[in-house]
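In: sequence and predicted structure below; questions after.
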Amino acid sequence: MQLIFSAGVIVAVVLWGLFSPASLDLVFGDLLGSITHNFGWFYLWLVLGLVVLAIFLAVSRYGDLKLGDEDDEPEFSVGAWFSMLFAAGMGIGLVFWVIGAPLILPFALIESLLLVFAFVCHARAVCDFDEITLTERHLVVRQERHGKFKEHQFTRGLFRVSMTDGSTSLVRVVESGRRVELGEWLLPHERHSLCKQLATSTAH
């Protein structure tokens, strides 16, 4: 009779959630909020009391009481008991999460692949740099992009400096059809300042 009653209650709640999930969420949300608000303190004190009681029983003389006859030996060792408790905890977690695993795992796989891709892109770009050297006759620009090193040399007084068009304006140096763009990692005002300094250097 009890089994039939329990199964009937479970089936009723499941059917309620299938046909009217909004009302079920409203009722159980209000119930959870009421219990948390009115009996949350009781739950915290109860857990604390049980922990204190367990510690007291462990360190007091009651901790030496045997659950059996005086000459009985433990059926399992401490390691075996720990293994069983650990397996029980893991089993509870697996049973609880296995329902949602088919929905979560594909997104977790996609997220992992995206993280790997981001790390690979970062690793390729972490060593990229721009190095500018201004000598008496030349402007030398050394760049490294994705592990490839390039060196550009421009003659002072002959190259032109300007800002590129677009949302991310870079500093462009052009001479006789050769050009290079700089300032990818600089702030906008720093790029404009670099452009003015390079343009001023052409007059010397």
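Out: Looks like it came in fine.
In: all the helices of the protein, residue numbers only.
Out: Using DSSP state H, the helices of the chain run over residues 2-19, 21-59, 78-97, 101-125, 188-201.
In: where in this structure is pLDDT low?
Out: 124-126, 202-204 (pLDDT under 70).
In: same thing but at 80, please
Out: Across the chain, the ranges flagged by pLDDT under 80 are 1-2, 64-72, 74, 96-105, 121-128, 145-147, 166-168, 185, 201-204.
In: returning to what we had before: of all the helices of the chain, which lies closest to Leu139?
Out: Nearest to Leu139, of all the helices of the chain, is helix 188-201, at 7.0 Å by C-beta to C-beta. C-beta coordinates here come from the backbone N, C-alpha and C atoms, glycine included.
In: how about stretch 21-31: buried residues?
Out: Using 16 or more other C-beta atoms under 10 Å as the test for burial, stretch 21-31 gives Leu24.
In: now that stretch, how far from the centre of its chain.
Out: Centroid separation between stretch 21-31 and its chain, computed with C-alpha atoms, centre = their mean, to the nearest Å, is 32 Å.
In: what sits up against it?
Out: Val13, Trp16, Gly17 (C-beta atoms under 8 Å, 6 or more residues apart in numbering).
In: and for Leu186, the neighbour number?
Out: As a burial measure, Leu186 scores 15 neighbours (other C-beta atoms under 10 Å).
In: what distance do you get for it to Cys127?
Out: For Leu186, the distance to Cys127 equals 18 Å [C-beta to C-beta, to the nearest Å].
In: what does Leu109 give?
Out: As judged by C-beta to C-beta, Leu109 and Cys127 stand 30 Å apart.
In: same check, this time on Thr36
Out: 53 Å.
In: next one: His37
Out: On the measure of C-beta to C-beta, His37 and Cys127 end up 56 Å apart.
In: can you check Val161 too?
Out: Counting by C-beta to C-beta - Val161 and Cys127 are separated by 26 Å.
In: comparing the two, which residue is more hemmed in?
Out: Shown here are Val161 and Cys127; by other C-beta under 10 Å, Val161 has more neighbours (21 against 10).
In: cool, thanks, signing off.
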